[in-house]
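Chemist: this one's structure only:
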Ligand SMILES: NC(=O)c1ccc[n+]([C@@H]2O[C@H](COP(=O)([O-])OP(=O)(O)OC[C@H]3O[C@@H](n4cnc5c(N)ncnc54)[C@H](OP(=O)(O)O)[C@@H]3O)[C@@H](O)[C@H]2O)c1
């Protein structure tokens, strides 16, 4: 029986690395992208064990139609895993982000995950239940100034992951979160210059080095293969953990997010920001 893995956002970055990883292991991948150039690129680079769906995750009708078109395909095999990966990061002070930017951030990183999960749940609820892995972020457990919309979307995704895990337990469906720190992907380049519009605000002096910091985080990011290894553990472990942090210092992240009192963390962030060299822009 064909073993399907569905991954959203496979054009670049972590999604593309996951596509390579599972394709090499012999799985049949259903991968989503949002532009037609990416469809052509993927179709010419992979074997017939890949079906590319093209839709913007914000477009509910297009999303529904895309999955409806592959009903027959899905019914010929077994959906072993859904990886909700597609995401963006919109930086900026909460005070100045527009309503549209805030909505876009939540729609792509959070609301679309529920829509896509619900469309695929009928194929995961089988005698041999499939799993769901959500690509969250350390920003799902740690709030960073000027990445507010992104952090809120990932905190809410952590909550959504936990609720699905508890609701879907009776079907035997395990729902797991992957929480990467900086990973070397296109997401960083997409944010170069994005903080410039806020230079004239009261926050400007804290943001002027943002591009350098984005470049630094990109250069020092872990390879996307590290995320693939964590996903593989979450997928294959008999009793997976609820979440896997992928970071150079996972224990530091656990300590500052779970143990350190929030007021101490506020002071620490204020101190590093005042030096102008440590704002983590994603
Ligand atoms: N890189 C990191 O440091 C890092 C750290 C923690 C968590 N993450 C998370 O990892 C996930 C993947 O990010 P990445 O770093 O691999 O970034 P990326 O290279 O920019 O990939 C993001 C993927 O999501 C797709 N996507 C974005 N908006 C979409 C939309 N509206 N509809 C359909 N597809 C859309 C992109 O398609 P296009 O190519 O068309 O834009 C792309 O395929 C995200 O959820 C991100 O939050 C990344």
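Modeler: It's in. Quick caveat: nothing in here was measured; it's all calculated off a predicted structure.
Chemist: partner residues bridging the most centrally placed residue in the chain?
Modeler: Among the residues of the chain, residue 135 comes closest to the average C-alpha position under CA atoms, centre = their mean, at 3.6 Å. Going by DSSP bridges, residue 135 is paired in beta bridges with residue 178.
Chemist: residues contacting it?
Modeler: With contact set as CB atoms under 8 Å, 6 or more residues apart in numbering, residue 135 has these partners: 14, 83, 84, 85, 87, 178, 180, 227. Using the backbone N, CA and C atoms, a C-beta is placed for each residue, glycine as well.
Chemist: Can I take it that the first one is in a helix?
Modeler: The one in question is residue 14. Yes. Assigned with DSSP: H, G, I helix; E, B strand; the rest coil, residue 14 falls within a helix.
Chemist: Give me the distance between it and residue 178.
Modeler: 9 Å (CB to CB, to the nearest Å).
Chemist: can you list residues touching both of those two?
Modeler: Shared contacts of residue 14 and residue 178 (CB under 8 Å, 6+ apart): 135, 227.
Chemist: of these two, who's got more company?
Modeler: Neighbour count, other CB atoms under 10 Å: between residue 14 and residue 178, residue 14 has more, with 29 against 24.
Chemist: Quick one: neighbours of the residue of the stretch 51-200 of the chain at minimum distance from the ligand, just the number.
Modeler: Using CB to the nearest ligand atom, the single residue of the stretch 51-200 of the chain nearest to the ligand is residue 87, 2.3 Å away. By other CB under 10 Å, 26 other residues sit near residue 87.
Chemist: for the one 4 residues further on, same thing?
Modeler: Residues lying near residue 91 (other CB under 10 Å) number 23.
Chemist: now residue 225
Modeler: Using other CB under 10 Å, residue 225 has 13 neighbouring residues.
Chemist: Wasn't it part of a helix?
Modeler: Yes. Using three-state DSSP, the assignment for residue 225 is a helix.
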